[in-house]
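1. from the sequence below, what's the structure:
(2 chains)
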Amino acid sequence: MADAIGMIEVEGVAGIIVGADAAAKAADVELMGWESIGGFTTLFFRGGAGEVDSALRSGAAAAKEIVDHVVSAAMHQPQPETAGFIGFPLLAGGDATAQDLALGMVETRGYGTHVVTNDSMVKAAEVSIANVLTVHNRVVCTLVTGSIDDVEQAVAAARESLAGSEWFLGAAVISHPVADVMRAFVQTSAGAGAS
Amino acid sequence: MATAALGILEVRGMVALAAAVDVMFKATSVRLVGRHMIGSGWLTVVIEGQTADVQVAIDNGRQEAALRGDVITAAVVPRPEADALGSMPHGASLQAGGANGEYEALGILETKGVVPLVAAADAMVKAGDVDLAGWTFIGGALVHACVTGSVGDVEAAIAAGELAAQRAGEFHAALVLSQPEMELDLLLPPRPAGERRATGGLGIVETTGYVGSVAASDVMVKDADVAVVGLTIGSGGRVATLVEGRLDDVMAAVDSGSARAGEAAELNGQIVIPRPDEAVMAAFAHPVASTPPRSHADTAMGLVETRTTIGLVMALDAMLKNADVTYEGRYKVGYFLTACVVRGETGAVEMALDVARSTAGQYGELVAAHIIPLPYDTMEKRLPHA
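-> Predicted coordinates for the structure are as follows:
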C-alpha cells in the first residue's frame, strides 16, 4: 500500500502530461489518474514517501518548462476518501514501460486553430492525431504520435503555423513516453463541454 | 470523392454563431460537418464543400459574426487530410435540437447569467404567440433561449425579452431570423423536458460556486413555504437555485436566500417572477434528481469550495485527520470551481472548516467554507453532490 500521494496542478493539460512522464521516469511511482476542474488540471500519483517527493520535484520542474501556473504537493498517509477526486482514474496495475514512439503536444486557446494546425501536422510528417483534449476555459490540446523524427517535424510545423498567434500556449515532445502516460491522456474520452 | 476544402469558424456567443451560420448556408452550397464547444462561450462550426464555396461562406460568416460578437478563428483548409482529422471531436454526430423546423422565424436571446434569461423567457412567451424551444449554457456564464413562431410574434417576443433581460441583469445579444436555414436546428438546445404547470411565483438566486447556492437553498426552505425546483449550472462558475411556491413565500425566500448567498460566497443576482408562464416552468424548473436519503439526521453539513483541486484534497485530508467528521461527497461546478461536503456534530464541523481555511489557501484560492447546522431533508435530497 502506497504511503504517499503526489499532486501536480497546472493551467491547461500539457503541463501535467509532461509532468506525469517526468515523474514516472524519475522515481518508482504509480500514476493514479488526473482531474480537471475547468481550467486547471491535476495529476495524481502514489508510492513511498521518498519516491513521491522525488517524482514530484522532477514532475513539477518539467511542467514549469512549458506552463507558468504550476502548484505541487505531497500528501503523506493520505485518507482514502481523497482518491475520490480523481475524475479520470487509471485502472490499477501501473505500467511505467517506456514506449517505442514519441508523443507530441500542441496547446492553444480555441478549437478552430487545431483543425488547421492538425492538418498541417499530418501533412508535414507521418504522425497520427492521437487525441484532442478540451480542458475548458478555452484550452485545447492536440496529442500526436509517431516516430521521434516525425513528431518533432510535425510539432515544428504546428509551431510555424501558430507563429504570432495570440492563442498559442505551448508545445512539447516526449520521446519514449511511459505506457501509463499514454493510457491516461491518449486512451481517454475526457473533455468537451462548456465551463 | 475527396473533400475539396474545410471551412472553420469559431466565434464567441450563440447569437454571433447563429447569424453567421445562417448567411453561410444561404449563400453557398456547403455542408455542416461538425461543431465543438470549449467553454467561455467559444463555439466552432466546421463546413465542407468546393474550395470557392467554402471561401465565400467563411468570408460571409466572419463578417456577419463580427457585427454581433467576437470572431476567434476563420480559416479555410484546402485539400484537407480528412481521414486523419476524422477523429477530432467536432466530428461527433450532429443532432437536431428543440426546434422542429416547422416555423417561420427563429429568435435567439442571449444573456450573462440565468436570472436575466428566465426573466426574458417569461417576457417572450407572454409577449407573443411563440414556442419556447429550449435553453442552454455555452460557458463564461453565457446562456441563451430560443423561441419560434411567425416573424411578427418572434420580433415582438425578442423586443420584450431584451427589455426584461436588461432590467433583470446583463443582456448580451439577440437575433431574429426569418426563414432560417435548416442547419441551424443542429446547433439549437434540446427541447424543454419539464412539465408545464402554473405556480404563484418562481424565485431564482444565482451565485458563483456550489456553496453559495446550497446555503441559499437551506435558508429559503427554512424561512418560507417554498420548494426547490432546480439547481442549475449556468457555466462560468455560476449555479442558480430555483424555488416555487405562493408569491409572498417566494418573495420572502428570495430575500433571505440572496442575503445568505452573499454571506457564504458570491451572489450574482436574484429575481422573483410572479405567475410565470407554464412554458417557463417546463423549460427551467425541471426537478433536481433526488439523491438517496443520507443517514446523517441531526448533524451539521460543512461545505468547502476552492479554485484548486490540490487545495481541496489537502483540506479534506486535514479535515478528516483533525476533526471528527465524515466525507459525504463532492461537486464540480466547472470554471475552476470544485467543492466537497463533510458531516458531523456542529462543533466538529466548525473545527474542520477552520482546518480547511488554513490549509486550502496554501495551494490556491479558497472560495467558501460554510456550515449548515441542521439542513432540512427536503433541501438535502435535492443536492447533486455524491
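
2. mind listing the residues bridging to B:Gly134?
-> B:Cys146 (DSSP bridges).

3. close to chain B, is the helix or strand A:Ser54 falls within?
-> For A:Ser54, the element it lies in under DSSP states H and E is helix A:49-64. No. Using Cβ under 8 Å from any Cβ of the partner chain, helix A:49-64 stays clear of chain B, coming no nearer than 11.2 Å. For glycine as for every other residue, the C-beta is placed from the backbone atoms N, C-alpha and C.

4. for that helix, what does the pLDDT average out to?
-> Averaging pLDDT along helix A:49-64 gives 97.

5. flag every buried residue along it.
-> Neighbour-count burial for helix A:49-64, counted by 16 or more other Cβ atoms under 10 Å in any protein chain shown, picks out A:51-64.

6. does chain B sit close to the helix or strand of chain A with the lowest mean pLDDT?
-> Least confident helix or strand, chain A: strand A:88-89 with a mean of 92, by mean pLDDT, DSSP states H and E. No. Strand A:88-89 does not reach chain B (Cβ under 8 Å from any Cβ); its nearest approach is 12.0 Å.

7. which strands and helices sit next to that strand?
-> In terms of contacts (3 or more Cβ pairs under 8 Å, 6 or more residues apart in numbering or on different chains; DSSP states H and E), strand A:88-89 is packed against strand A:30-36.

8. next, the angle from the strand it packs on to helix A:49-64.
-> Interaxial angle, strand A:30-36 versus helix A:49-64 (axes from the mean of the first three to the mean of the last three Cα atoms, to 10 degrees): 40 degrees.

9. just the mean pLDDT for strand A:30-36, thanks.
-> Strand A:30-36 carries an average pLDDT of 95.

10. picking that back up, could you give the angle of the helix or strand that the helix holding A:Ser54 is followed by to helix A:49-64?
-> As assigned by DSSP H and E, the chain's next helix or strand after helix A:49-64 is strand A:70-76. Computed by the same axes, to 10 degrees, the angle separating strand A:70-76 from helix A:49-64 equals 170 degrees.

11. wasn't B:Tyr103 part of a helix?
-> No. Counting by DSSP: H, G, I helix; E, B strand; the rest coil, B:Tyr103 is located in no helix; its state is coil.

12. now it. Its backbone dihedrals?
-> Dihedral pair for B:Tyr103: phi -150, psi 160, per degrees, to the nearest 10.

13. avg pLDDT for stretch B:234-254?
-> Stretch B:234-254 shows a mean pLDDT of 95.

14. buried stuff in that stretch?
-> With burial defined by 16+ other Cβ under 10 Å, the residues of stretch B:234-254 counted as buried are B:234-245, B:247, B:249-254.

15. from the buried residues of helix A:49-64, which single one is nearest B:Val21?
-> Taking Cβ to Cβ as the measure, B:Val21 lies nearest A:Ala63 of the buried residues of helix A:49-64, at 38.7 Å.

16. so where do the helices sit in chain A?
-> Assigned by DSSP state H, the helices in chain A fall at A:14-26, A:49-64, A:112-124, A:148-162, A:179-185.

17. so of the ones you listed, which one's packed in deepest?
-> helix A:14-26 (a mean of 28; mean count of other Cβ atoms under 10 Å in any protein chain shown).

18. and that helix, what does it pack onto?
-> Here helix A:14-26 touches strand A:4-11, strand A:30-36, strand A:40-47, helix A:49-64, strand A:102-109, strand A:139-146, strand A:168-175, helix A:179-185, going by 3+ Cβ pairs under 8 Å, 6+ apart.

19. what helices or strands is the helix holding A:Ser54 leaning on?
-> strand A:4-11, helix A:14-26, strand A:40-47, strand A:70-76.

20. out of these, nearest to B:Phe284?
-> Distance to B:Phe284, taken as Cβ to Cβ, is lowest for strand A:40-47 among these, at 30.0 Å.

21. any chance of the helices and strands packed on helix A:14-26 in a markdown table with distance to B:Ala259 as columns?
-> Formatted as a markdown table, these follow (distance: least, Cβ to Cβ, whole Å):
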| stretch | distance to B:Ala259 |
| --- | --- |
| strand A:4-11 | 34 |
| strand A:30-36 | 33 |
| strand A:40-47 | 31 |
| helix A:49-64 | 42 |
| strand A:102-109 | 38 |
| strand A:139-146 | 36 |
| strand A:168-175 | 41 |
| helix A:179-185 | 44 |
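
22. so which of those is nearest B:Lys222?
-> With Cβ to Cβ as the yardstick, what comes closest out of the helices and strands packed on helix A:14-26 is strand A:30-36 (33.8 Å).

23. okay, angle between the closest one and strand A:4-11 too, please.
-> 40 degrees.

24. now for the closest residue to A:Gly39 other than its chain neighbours: which residues touch it?
-> Sequence neighbours aside, A:Asn137 is the residue nearest to A:Gly39 in space, at 3.7 Å (criterion: Cβ to Cβ, 6 or more residues apart in numbering or on different chains). Neighbouring residues of A:Asn137 by Cβ atoms under 8 Å, 6 or more residues apart in numbering or on different chains: A:11, A:38-39, A:195, B:39-40, B:335-336.
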